[in-house]
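Q: please work out how this folds:
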Amino acid sequence: GESQGFRVGKLGCKSETAVCLVKAFKETAQRILNYIDNNLSDRANGGFYSSQDADEEYYKVSHIERQRKPKPRVDKTLYTNYNAMMISSYLLASVVSENPVYERFAVKTANLLLEKSFKPKEGMCHFISDGEPHLTTLLTDQAHMLKALVDVYQWTQERTFLHNAESIAGLMLENLWRDK
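A: As a prediction, the model looks like this:
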């Protein structure tokens, strides 16, 4: 008879197909992680850079030719909201890929943001440029960093991350909540 199928999300497929899909998704995710690690992250200090120029000519040539050309420019600004999302993503990547390197980098980035971007009476700054924090009290930064800190706490069980999340939550209520 016919092999038993099962559902993957809304996609009904046979088990062999699902295994191939999972493998393909995992390989794609690994290529993305490798690209981020090699081009858009500060491996020494923590943090994810904001962007890399889209140089079509650079990416049209072969891999060997590309090694002879300078890489497209990277904007090394660290945006708090995007870094916070990447912290949570890297924690998940560490489980999916069974690679603790991603967890360690996520924790390193959380510590960097707390050290460089957190102001005790204002919360998280929006971005760090040339080592200096700028623009405070945007809701997106507070909300994403709060979630990232809770995620890091759940992974590490280090109460410092939970205390910092509580501090940000309190600052959000104090500075951003207005009764009508």
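
Q: ok, Lys116 touching Ser129?
A: No: between Lys116 and Ser129 there is no contact under C-beta atoms under 8 Å: 10.6 Å. Bear in mind the C-beta positions are built from the backbone N, C-alpha and C, glycine included.

Q: mind checking which of those two has more residues around it?
A: Lys116 (17 against 13; other C-beta atoms under 10 Å).

Q: for that one, list the residues it contacts.
A: The neighbours of Lys116, taking C-beta atoms under 8 Å, 6 or more residues apart in numbering as the test, are Leu78, Ile128, Gly131, Pro133.

Q: list only buried entries from the residues you listed.
A: By neighbour count, with 16 or more other C-beta atoms under 10 Å, the contacts of Lys116 hold Leu78, Ile128, Pro133 as buried.

Q: just the ones in helices from those, please.
A: Among the buried ones among the contacts of Lys116, no member falls in helices (DSSP state H).

Q: same list (those) but as JSON lines, adding pLDDT and distance to Gly170.
A: Formatted as JSON lines, the buried ones among the contacts of Lys116 follow (pLDDT from 0 to 100; distance: C-beta to C-beta, whole Å):
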{"residue": "Leu78", "pLDDT": "96", "distance to Gly170": "24"}
{"residue": "Ile128", "pLDDT": "94", "distance to Gly170": "23"}
{"residue": "Pro133", "pLDDT": "88", "distance to Gly170": "19"}
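
Q: got a markdown table for those residues, with distance to Ala84 too?
A: Shown next, in a markdown table, are the buried ones among the contacts of Lys116 (distance: C-beta to C-beta, whole Å):
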| residue | distance to Ala84 |
| --- | --- |
| Leu78 | 11 |
| Ile128 | 13 |
| Pro133 | 14 |
